[in-house]
Every structure is written in C-alpha cells, then in structure tokens.
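Asks: sequence and predicted structure below; questions after.
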Amino acid sequence: MITQELITKIAIILIPLIFAITVHEVAHGWVASKFGDQTAKMLGRLTLNPVKHIDILGTIIVPIILLALGGFIFGWAKPVPISPRNFKNPRPMMAIVAVAGPVSNLIMAILWAIVAKIGLMIQADNTHLAALTAIGFAGITINAFIGVLNLLPIPPLDGGRIVSNILPPKLAYYYDKLEPFGFYILIILIITGILSHILLPITLTLIHSIAALFGIL
C-alpha cells in the first residue's frame, strides 16, 4: 500500500540512489577509457545522464519494493560495456577498473556527508533544509552500502571481478564459472539473512566513521 510515509522515503532516497548507481557505472567506464578502452565512450555511456544508465528493474522497481518491505536497499544499473582486450595489461587493469566503482561510492558518501553537515549547520526549523539533511544522510548510507556490497567476491559484482583478475589464470577460469549463478547466490544470502550479517557491521562502521569525520553523528 502506498502511504505518505513511503512517498516521503522515496523522495529522500531517489536522488542519492540514482547518483550512486550512475556515478558507479561511469567510474568503471572512465577508468577503462584512461587505460585505452573507449567502448563506453563510443556507446555514449560516459555521461552522468541517468537515463543512459537506468535499468527499470534494478534502479527503480527493486529498490522501491525493498523500501516498502522495510529491508535494506540495493539496486543496479545497466553495466557499462568494457573490452579488456583494449588494455595493455588486461588483468591488472581490469581489477583497477572494477575497484573504481566502489571507490566512487566512497567519494560520494563523503560528498553527501558535506551536504548533511551544511543542512545541520543552517537548518533552524526550515523544512527544506531538514529535507536536505535527510537526503545527505541517505546519500551516505546508500553509497556506503552499495560500495561494500559490490566488494563481495561474488561474480559479477566488482569484488568478483577483482578476485578473478588477481587469481592465477587457471584458477580464475574456474572461478569465473560462478558468474551465471552470482545473482542467485546473492538472493539466497539475502533471504537467509547471511548477507545482513556480513554487510551490516562493515557498512555501519563505514557510515559511523564518515559521520564522525564530519561531526554529524
């Protein structure tokens, strides 16, 4: 059932969520372009225009359903196309391209902390500024969660890409065979609650560290 509370929550998380997912994907493509692969650029994906990256299911429907159910929120965008064969040193460069996504989320979490800090400093019972503060805190939380989630060593998450490209080639070959099952593994971890036990301590520590850094605990 759609309630005023749900609509307010959607309004608060929408901008941080879209930016978190969009910038994450652009970061992959941007680093890849610096290593010599212009695939994303040629396909018009090196843009902050969210329309180019939005996946209706992963960027909109799934996050809203999870929000309505009261669980943690995650989502995904259309993956930015990358061709490692265009890299001079494909395996180490692909690992760096993979880590660029979570790093971008960390940077965004810090930027949203600045937004929250500004909102708290000048809020003074102003409803619009209170909303700014809430959006800032949402941005910290969403980016921390997406960044940590993507570092899980489950293909095709970024953590899986990193592991695949630092393993010896023979082991990486067998490890990559997990990729078709990666989404199902993730769903099982969510349903069983294992994912929460893995992610929450790390994510909360990161959120609290960023908040403490800016004095917004």
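Replies: Looks like it came in fine.

Asks: CA only for contacts and neighbour counts going forward, please
Replies: OK.

Asks: which helix of this protein spans the most residues?
Replies: In the chain, with assignment by DSSP state H, the single longest helix is helix 90-122.

Asks: give me the buried stretch members for that one, please.
Replies: 91, 93-106, 108-110, 112-117, 119-120 (16 or more other Cα atoms under 10 Å).

Asks: please apply the same query to stretch 49-63.
Replies: Buried, per 16+ other Cα under 10 Å, within stretch 49-63: 50, 52-55, 58-60, 62-63.

Asks: may I see the residues you listed organised as a markdown table, with pLDDT and secondary structure added?
Replies: Formatted as a markdown table, these follow (pLDDT from 0 to 100; DSSP: H, G, I helix; E, B strand; the rest coil):
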| residue | pLDDT | secondary structure |
| --- | --- | --- |
| 50 | 84 | helix |
| 52 | 86 | helix |
| 53 | 85 | coil |
| 54 | 81 | coil |
| 55 | 82 | coil |
| 58 | 76 | helix |
| 59 | 75 | helix |
| 60 | 76 | helix |
| 62 | 76 | helix |
| 63 | 74 | helix |
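
Asks: looking at those, spot the one nearest residue 172.
Replies: residue 58 (27.5 Å; Cα to Cα).

Asks: quick check, that closest one in contact with residue 66.
Replies: No - Residue 58 is beyond contact range of residue 66, at 11.1 Å (criterion: Cα atoms under 8 Å).

Asks: just want the most central residue of this protein.
Replies: Residue closest to the average C-alpha location in the chain (Cα atoms, centre = their mean): residue 146, at 3.3 Å.

Asks: could you list the low-confidence segments of the chain?
Replies: Scanning the chain for pLDDT under 70 picks out 1-2, 6, 67, 69-75, 124-129.

Asks: can we see that at 80?
Replies: The model of the chain has pLDDT under 80 over residues 1-11, 58-76, 123-130, 217.

Asks: what ranges do the helices span in it?
Replies: Using DSSP H, helices in the chain cover 4-34, 39-42, 62-69, 90-122, 127-150, 158-166, 169-175, 182-192, 194-213.

Asks: can I get the ones you listed in TSV with distance to residue 84?
Replies: Output for those, formatted as TSV (distance: least, Cα to Cα, whole Å):
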stretch	distance to residue 84
helix 4-34	8
helix 39-42	10
helix 62-69	30
helix 90-122	5
helix 127-150	20
helix 158-166	11
helix 169-175	15
helix 182-192	21
helix 194-213	30
